[in-house]
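A.B. asks: Any chance you could fold what I've pasted below:
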Amino acid sequence: MPEKKRRSPARITNSKTFEAAIWTAFEPYAVKLIDDDRAWRKSMQEGHPQGPLPVQQRAVRRDDLLLHLIFQAFHEVTTSLDTLCNIPFYMRHAPPSVSRRATSATWRGLSTTRSAWVRYHVENYFHELYIFQNRVEAFFTLLRRTYRKQTDSTKLNEQCDLLEKALKHGFEGVVKTRGSHVHESRFDDATLRTLEGVEFIARLKKNSAREYSQWLQEALAEKVFWMTANNAAIRKWLDDSGRVLGGLLFMENGAFRFPSPPQMGSTPSALTTT
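C.D. replies: Presented below is the predicted three-dimensional model:
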């Protein structure tokens with residue numbers, strides 16, 4: 001079967017085009033993995049077991065294993081950002097039983113209140129921020145180790161350091177808050193305290209949920225606004241990272257810059273900035 005021709009990726013200007021460029025380089029290998037797996041399954045069904053081609057042999061033909069690792073690591077980062085962007089939507093769309101009642105509501109076996117619903121998503125957002133930062137650090141570590149033997153690896157290290165420093169500076173407050181609420185006490189702020197207070201009074205007086213809907217809407221609006229603004233800043237940082245790293249890891253013709261000296265049949269090429 002002739003090898004599928006690689007498509008030329010679009011100009012790398014953000015995180016999406018950077019991820020697409022990695023996938024474009026990696027796609028032929030991914031297709032080969034699927035074809036090998038299908039052939040192996042077919043041989044098993046026909047009673048003639050034939051082992052699939054070892055991963056090491058695939059990597060000798062092209063540094064596809066490296067592309068696999070880089071694509072997977074960066075995809076973990078973008079998936080984490082997607083989760084961060086989903087949380088404000090989830091928080092604003094509570095189950096009907098939670099939305100309508102002031103007392104503890106049961107929905108498919110889940111017992112919760114409005115304030116607990118808001119708190120859960122706020123704390124989960126802090127947790128996902130922490131995961132995002134860890135995945136970014138893992139991705140940069142992979143790049144540094146991959147290109148550490150390059151004579152001009154300093155360029156890549158410098159850019160990774162700058163990007164990582166910018167992210168840590170932006171996350172300084174929220175990561176500290178997340179660590180505090182996990183290890184010392186539950187996360188708390190004035191908005192949540194007020195919402196829980198009026199909710200508690202409403203339960204004691206057996207008032208309806210309408211009695212404190214204003215506080216709920218204000219809490220939701222504040223948290224959604226903060227999350228949305230924070231996500232926009234993270235996406236801008238990730239787009240800047242994709243643009244910078246794209247200029248370092250890809251050539252003008254869209255070919256991926258494999259590490260040199262060539263160890264697995266790759267073509268040596270120096271890292272350059274754009």
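
A.B. asks: Let me see the ranges of the helices in this protein.
C.D. replies: Remark: helices assigned in the chain by DSSP state H are 15-45, 55-61, 64-92, 96-100, 114-146, 153-183, 190-204, 213-249.

A.B. asks: buried sites along the third one?
C.D. replies: Along helix 64-92, the positions that meet the burial threshold by neighbour count (16 or more other CB atoms under 10 Å) are 64-68, 70-71, 73-74, 76-78, 80-81, 84-85, 87-88, 91. (Each C-beta comes from the backbone N, C-alpha and C, glycine too.)

A.B. asks: CSV for the helices of the chain, including distance to S260 and mean pLDDT?
C.D. replies: Formatted as CSV, those follow (distance: least, CB to CB, whole Å; pLDDT from 0 to 100):
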stretch, distance to S260, mean pLDDT
helix 15-45, 17, 82
helix 55-61, 16, 44
helix 64-92, 13, 93
helix 96-100, 58, 58
helix 114-146, 11, 92
helix 153-183, 10, 77
helix 190-204, 54, 73
helix 213-249, 13, 91
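
A.B. asks: Format those as a markdown table; extra columns: distance to F258.
C.D. replies: Shown next, in a markdown table, are the helices of the chain (distance: least, CB to CB, whole Å):
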| stretch | distance to F258 |
| --- | --- |
| helix 15-45 | 10 |
| helix 55-61 | 11 |
| helix 64-92 | 7 |
| helix 96-100 | 52 |
| helix 114-146 | 9 |
| helix 153-183 | 13 |
| helix 190-204 | 50 |
| helix 213-249 | 9 |
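
A.B. asks: Out of the ones you listed, which is closest to F256?
C.D. replies: Ranking these by proximity to F256 (CB to CB) places helix 15-45 first, at 4.4 Å.

A.B. asks: now the angle between helix 213-249 and the closest one, please.
C.D. replies: 80 degrees (axes from the mean of the first three to the mean of the last three CA atoms, to 10 degrees).

A.B. asks: Could you give the number of residues near L167?
C.D. replies: Using other CB atoms under 10 Å, L167 has 19 other residues around it.

A.B. asks: hang on, it packs against V136?
C.D. replies: Yes: using CB atoms under 8 Å, L167 is in contact with V136, at 6.2 Å.

A.B. asks: Contact partners for E222?
C.D. replies: By CB atoms under 8 Å, 6 or more residues apart in numbering, the contact list for E222 reads T191.

A.B. asks: if I look at it, how far off is P28?
C.D. replies: For E222, the distance to P28 equals 48 Å [CB to CB, to the nearest Å].

A.B. asks: What of E218?
C.D. replies: With CB to CB as the criterion, E218 and P28 are 53 Å apart.

A.B. asks: dump the residue contacts of the residue nearest to Y90 when sequence neighbours are not counted.
C.D. replies: Spatial nearest neighbour of Y90, excluding adjacent residues (CB to CB, 6 or more residues apart in numbering): H121 at 6.0 Å. With contact set as CB under 8 Å, 6+ apart, H121 has these partners: 87-88, 90-91, 223.

A.B. asks: From the residues you listed, pick the one nearest L162.
C.D. replies: Of the contacts of H121, the one sitting nearest to L162 (CB to CB) turns out to be I87, at 28.2 Å.

A.B. asks: Would you mind confirming that that closest one makes contact with W226?
C.D. replies: No: here I87 lies out of contact with W226, judged by CB under 8 Å, at a distance of 11.2 Å.

A.B. asks: sorry, back to before: look at E218 and P28 and report which has more neighbours.
C.D. replies: Legend: neighbour count by other CB under 10 Å for E218 and P28, higher for P28 (17 against 13).

A.B. asks: how much space is there between the more buried one and R92?
C.D. replies: Applying CB to CB, the value for P28 to R92 is 42 Å.

A.B. asks: With R144 instead?
C.D. replies: 40 Å.

A.B. asks: and what of D189?
C.D. replies: 18 Å.

A.B. asks: which of the contacts of H121 lies closest to R193?
C.D. replies: Closest to R193 out of the contacts of H121 is K223 (13.6 Å), distances taken as CB to CB.

A.B. asks: ok, that closest one touching I87?
C.D. replies: No: here K223 lies out of contact with I87, judged by CB under 8 Å, at a distance of 9.4 Å.

A.B. asks: how many other residues sit next to R144?
C.D. replies: 14.

A.B. asks: didn't it look like it was pressed against L156?
C.D. replies: Yes: in this structure, R144 is within contact of L156 by CB under 8 Å, at 7.2 Å.
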